[in-house]
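K.L.:
The following block contains a protein sequence and its predicted model.
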Amino acid sequence: MKNHSLIQAEDSVLIVIDVQDNFTEKLEATQSESLLDRVCWLTGVATWLGVPMIVTVEDMDHAAGPSAKLKQMLAPTVPTFNKMIFGLGDQPDILAEVAKTGRKTIVLVGLETDVCVTQSALSLMSRGYRVAIITDATASPGDGHLAGLARMRDAVAILTNTKGLFYEWMRTVERSRRFEMECANLKLPTGLVL
């Protein structure tokens, strides 16, 4: 699949990687809040569009699970996996869940950009998936975010932002207006202007 075509909601899977308190607490407060707002909003958009979601928690025995704010946004049917391999494409149960969707475009959000997001992107790409990274819905402390984005760009992953993904998934004025009407209670992240 070529990376120069638009991201289609009908072929996408949204994977939320390790949005858990022990990682969000490493970020500056405003960065952590922005990340959580954007990830939660995108899960709402994905739900409305029928985009399948998968959530991972790294080492669930030592983490309380996904952040409370994220948990509130997820339907009970969204599978949550205990991720014990940094690159989720190398963990058989998660890879099987991805394959079960029958979709070939994987949209990644979460933490940390330079470790789990990068290794997940590379492991999924090596298995023939098209991978899109949402740059303002991923994060790492310090310069790790930029280093991870550079590594994935060099590997020819798609880099876009929350707004770009929203409009690629929506495709039409009519569909985006319908979303805005039907999801008026879904709080737009601070700083995101549609």
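P.N.:
Sure, I can see it. Everything numeric in this text was worked out from a predicted model, so none of it was measured. Residues are numbered from 1 along each chain as shown.
K.L.:
could you give the mean pLDDT of the helix ranked longest in the chain?
P.N.:
The single longest helix within the chain, with elements called by DSSP state H, is helix 29-49. Averaging pLDDT along helix 29-49 gives 97.
K.L.:
Run through the neighbouring helices and strands of that helix.
P.N.:
strand 12-17, helix 21-24, strand 53-58, helix 68-73, strand 105-111, strand 130-139, helix 162-170, helix 173-182 (3 or more CB pairs under 8 Å, 6 or more residues apart in numbering; DSSP states H and E). Where C-beta positions appear, they are placed from N, C-alpha and C, glycine not excepted.
K.L.:
Can you show me the CA trace of the second one as CSV?
P.N.:
Output of helix 21-24 as CSV, limited to C-alpha atoms (Å, rounded to 0.1, in the frame of the first residue of the first chain):
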residue,chain,number,x,y,z
ASP,A,21,-0.1,7.4,34.5
ASN,A,22,3.5,6.2,35.0
PHE,A,23,4.3,7.5,31.5
THR,A,24,2.1,10.6,31.4
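K.L.:
what sits against Ile94?
P.N.:
Counting by CB atoms under 8 Å, 6 or more residues apart in numbering, Ile94 touches Ile54, Thr56, Phe81, Lys83, Leu88.
K.L.:
Determine which two of these are furthest apart.
P.N.:
Spanning the widest gap among the contacts of Ile94 are Ile54 and Lys83, at 10.0 Å by CB to CB.
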